[in-house]
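S.K.: Give the three-dimensional model of this entry:
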Amino acid sequence: MANVLEDKNLDIVLDVKVQLTVRLGSCHLSMRDVLELSPGVIIQLDQRANDPIGIYVNDKLIALGEVVVLEENFCIKITELIGDKA
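M.R.: Got it, this is the predicted structure:
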């Protein structure tokens with residue numbers, strides 16, 4: 001009976017929109033460097049090409065994955081789900 005109640009409560013939020021973000025990497029730049037950005041400039045990120053990328057929902061890390069190409073589109077293959085470590 002409790003499981004049915006939990007399913008009904010979950011149904012309420014299943015259509016709520018959330019922000020999904022994939023973090024490929026980052027870097028720190030001075031404002032001078034930012035102002036000098038132009039097409040063709042290469043920015044080196046703090047992540048290696050074979051490192052897993054972070055998948056975030058509303059700024060909370062939920063999974064790790066890898067970038068794959070499907071036809072002409074970038075896609076993310078989830079390799080690990082991040083659960084509560086408590």
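S.K.: Now do stretch 13-33: everything it contacts.
M.R.: Contacts to stretch 13-33, defined as C-beta atoms under 8 Å, 6 or more residues apart in numbering, come from residues 43-47, 53-59, 65, 67, 76. Using the backbone N, CA and C atoms, a C-beta is placed for each residue, glycine as well.
S.K.: What is the most widely separated pair among these?
M.R.: Gln44 and Asn58 (28.3 Å; C-beta to C-beta).
S.K.: Now do Glu80 against Arg32, distance only.
M.R.: Using C-beta to C-beta, to the nearest Å, Glu80 is found at 38 Å from Arg32.
S.K.: Sketch out the low-pLDDT regions of this protein for me.
M.R.: 1-7, 84-86 (pLDDT under 70).
S.K.: Can you show me the helices along it?
M.R.: 2-11, 31-35 (DSSP state H).
S.K.: Buried residues, the shortest one. List them.
M.R.: Under the neighbour-count criterion of 16 or more other C-beta atoms under 10 Å, helix 31-35 has nothing buried.
S.K.: just checking, what packs against the longest strand seen in the chain?
M.R.: Counting residues, the longest strand found in the chain (DSSP state E) is strand 60-70. Packing contacts for strand 60-70, counted by 3 or more C-beta pairs under 8 Å, 6 or more residues apart in numbering; DSSP states H and E, involve strand 53-57, strand 73-81.
S.K.: Can you give the strand pairings for that strand, parallel or anti for each?
M.R.: strand 53-57 (antiparallel), strand 73-81 (antiparallel) (DSSP bridges).
S.K.: Kindly export it (C-alpha atoms) in CSV.
M.R.: Output in CSV follows, covering the C-alpha atoms of strand 60-70 (Å, rounded to 0.1, in the frame of the first residue of the first chain):
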residue,chain,number,x,y,z
LYS,A,60,23.7,18.9,-8.4
LEU,A,61,26.0,16.2,-9.8
ILE,A,62,23.9,13.1,-10.6
ALA,A,63,26.0,11.1,-13.0
LEU,A,64,29.3,10.7,-14.9
GLY,A,65,29.5,10.0,-18.5
GLU,A,66,31.4,10.2,-21.8
VAL,A,67,30.9,12.1,-24.9
VAL,A,68,29.9,10.1,-28.0
VAL,A,69,28.9,11.1,-31.5
LEU,A,70,25.7,9.7,-33.0
